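1. Have a look; sequence and predicted model below, questions after that.
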Amino acid sequence: MTTQKIVTPSAESLAQSARAAQKGGLPPVHLWNPPFCGDIDMRIARDGTWFYMGTPIGRPALVKLFSTILRRDGDAYFLVTPVEKVGITVDDAPFVAVDFNRKGDALEFETNVGDRVTAGADHPIRVVRDPQTGEPAPYVLARANLEALIDRKSFYRLVEIGEEAPHDGATWFGVRSGGVFFPMIPSADLA
């Protein structure tokens, strides 16, 4: 009788598979349904730093490569290739929006992995407030089911260009992009 040893993929094997899957643009991870191979000791910190086995991944090109095979299913995050799927830990959001520019009436965000995304109906901005402190945590949808936490300096810039507008029967302070108003805080809370 022969027994097969199941080997959890390593960062190196995942990187090799990701390179092979790329053909100019993001791989179609949403179409892949490989078997789950277990969790790997990889974590994305709230500040966007990727760790492997407790050590920061210092090569930006490798982080960018891993980011191309990232997928979220429900509340769990996975690195997915055509032949393997491994779970990773994400402390908050997998990406960080590190800057934005105004492009006409739209706001184009850039993430820590070099993605550019224009906020609008397909890429909404949302703000979650901590129930104890009231501190805002702003996000923009960067890819299918994957958000980017908007960094502090960019959020302050958003506040500078914000406006008050009616939303859901109340007046809110927020920003507009791509013809959509994104509420950030009820105007009553500003008083």
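-> Sure thing, it's come through.
2. Who are the contact partners of Leu31?
-> Counting by Cβ atoms under 8 Å, 6 or more residues apart in numbering, Leu31 touches no other residue. Backbone N, C-alpha and C define where each C-beta goes, glycine included.
3. where's it relative to Asp151, distance?
-> 32 Å (Cβ to Cβ, to the nearest Å).
4. Using PDB, write out every CA atom in stretch 104-123.
-> Output in PDB follows, covering the C-alpha atoms of stretch 104-123 (Å, rounded to 0.1, in the frame of the first residue of the first chain):
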ATOM      1  CA  GLY A 104     -11.800  65.000 -13.400                       C
ATOM      2  CA  ASP A 105     -14.700  64.300 -11.100                       C
ATOM      3  CA  ALA A 106     -13.200  61.100  -9.900                       C
ATOM      4  CA  LEU A 107     -10.700  60.000  -7.200                       C
ATOM      5  CA  GLU A 108      -8.000  57.600  -8.300                       C
ATOM      6  CA  PHE A 109      -6.300  55.700  -5.500                       C
ATOM      7  CA  GLU A 110      -3.000  53.900  -5.600                       C
ATOM      8  CA  THR A 111      -2.300  50.900  -3.400                       C
ATOM      9  CA  ASN A 112       0.800  49.700  -1.700                       C
ATOM     10  CA  VAL A 113       1.100  47.000  -4.400                       C
ATOM     11  CA  GLY A 114       0.800  49.500  -7.300                       C
ATOM     12  CA  ASP A 115      -2.800  49.000  -8.200                       C
ATOM     13  CA  ARG A 116      -4.800  52.000  -9.300                       C
ATOM     14  CA  VAL A 117      -8.500  52.100  -8.700                       C
ATOM     15  CA  THR A 118     -11.000  54.800  -9.400                       C
ATOM     16  CA  ALA A 119     -13.600  55.200  -6.600                       C
ATOM     17  CA  GLY A 120     -17.200  55.000  -7.900                       C
ATOM     18  CA  ALA A 121     -20.100  52.700  -8.100                       C
ATOM     19  CA  ASP A 122     -17.800  49.600  -8.800                       C
ATOM     20  CA  HIS A 123     -15.200  50.700  -6.200                       C
END
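5. Name the spans of this structure whose pLDDT lies under the cut-off.
-> Along the chain, the parts satisfying pLDDT under 70 run over 1-11, 13-24, 191.
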